[in-house]
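In: next comes the sequence, and after it the predicted model I'd like to discuss.
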Amino acid sequence: MSSFVPSITPTARRTTLLTGDGVRIEAVYTPCTRGSGAAVDGGSAGTAVVVAHGFTGSADRPAVRRAAEVFSQRAAVITFSFRGHGRSGGRSTVGDREVLDLAAAVAWARSLGHRRIVTVGFSMGGSVVLRHAALYTAQDVPDLVGTGSMAGAERVVQRAGAHAGRTEAHTDAVVSVSAPARWYYRGTAPMRRLHWVVTRPAGRVVGRYGFRTRIDRRDWDPVPLSPVEAVPLIAPAPLLIVHGDQDPYFPLDHPRMLAEAARGTAELWLERGMGHAENAADESLLTRIADWTASA
């Protein structure tokens, strides 16, 4: 991980992070705007919110910057671009190895002196924050992912279950917005189009030049832990699941499946009139999420 930002930096900075499998990820630090944001003791300086964008997003997209601006009224904020997006290197694996990108951003937040980390993910990023929270409870995970063995890391988590220990890349609370519950869902027209973009050569060309997203052509092997399988492993970290009742990608059975899998340990917000992910999250909803991250 490469960074020149001093601990609890009082100014916005941009840096490059190195993931466990050697991919360079662009990241942006936005200090808390409440007071100076520079004091180490308590409150905003102790907390950092790490934002994980959706597929085809990036750290500089307007919707991501809007979320960062609202969240920074309660805490410091780190935004970053997943592999294959924005100025980051590598190719998108559409939610699999992106867990390593998020882990690098969380570890960076802790290296800056933030004691409490909340991950907030949208759509693909929403699935990533769930898997990340499950994976980074197991003490053996960092060694395994450092060698590129995501499958081995997930086997450790499934064997150990929750409460196996914490690593420097663990999160203290999780917010998942507009996330799928299961993989390979094709029940809506937008998801069928997305699968065409991801799985077909012509679709990946459209992704690269139309959406500025570089997509890995290889299939998942093995298939990673699904979001609904990850959720039971997140407790005791607080979990908030947010979903719009007008989401054109994932209908309401997805958030309900996630909440049910949490076995009473998650809070579920079904938002009337809301569409999908960060583009549909207005300032009012973002403010409520920011309040939740501060109090959870």
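Out: Cool, got the structure.

In: list the buried ones in stretch 256-267?
Out: By neighbour count on 16 or more other Cβ atoms under 10 Å, the buried set for stretch 256-267 is Met257, Leu258, Ala259, Ala261, Ala262, Thr265, Ala266. No exception for glycine: its C-beta is placed from N, CA and C like everyone else's.

In: farthest pair within the residues you listed?
Out: Using Cβ to Cβ, the pair of those lying farthest apart is Met257 and Thr265, separated by 14.7 Å.

In: as a check, name the ranges of all strands in the stretch 101-250 of the chain.
Out: Assigned by DSSP state E, counting those that start in this stretch, the strands in the stretch 101-250 of the chain fall at 116-122, 173-177, 239-244.

In: with mean pLDDT and distance to Pro222 added, can I get those in TSV?
Out: Below are these laid out as TSV (pLDDT from 0 to 100; distance: least, Cβ to Cβ, whole Å):
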stretch	mean pLDDT	distance to Pro222
strand 116-122	97	22
strand 173-177	98	23
strand 239-244	98	25
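
In: could those strands go into a markdown table alongside mean neighbour count and distance to Ser295?
Out: Output for these, formatted as a markdown table (neighbours: other Cβ atoms under 10 Å; distance: least, Cβ to Cβ, whole Å):
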| stretch | mean neighbour count | distance to Ser295 |
| --- | --- | --- |
| strand 116-122 | 29 | 11 |
| strand 173-177 | 28 | 10 |
| strand 239-244 | 24 | 11 |
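
In: quick one: low-confidence residue ranges for the stretch 51-200 of the chain.
Out: 138-167 (pLDDT under 70).

In: what about the helices in the stretch 101-250 of the chain?
Out: 124-135, 141-146, 150-160, 189-199, 201-210, 227-230 (DSSP state H, counting those that start in this stretch).

In: rewinding a little: which of the buried residues of stretch 256-267 fall in helices?
Out: Met257, Leu258, Ala259, Ala261 (DSSP state H).

In: among the residues you listed, which one sits closest to Ser92?
Out: Leu258 (22.5 Å).

In: what about that closest one, distance to Val77?
Out: 24 Å (Cβ to Cβ, to the nearest Å).

In: if we can go back for a sec, where is pLDDT lowest across the buried residues of stretch 256-267?
Out: Of all the buried residues of stretch 256-267, Thr265 carries the smallest pLDDT score, 93.

In: return the residues in contact with it.
Out: For Thr265, the contact set (Cβ atoms under 8 Å, 6 or more residues apart in numbering) comprises Ile234, Ala235, Pro236, Leu239.

In: again, 10 Å this time
Out: Residues in contact with Thr265 (Cβ atoms under 10 Å, 6 or more residues apart in numbering) are Ala162, Val231, Pro232, Ile234, Ala235, Pro236, Ala237, Pro238, Leu239, Ala259.
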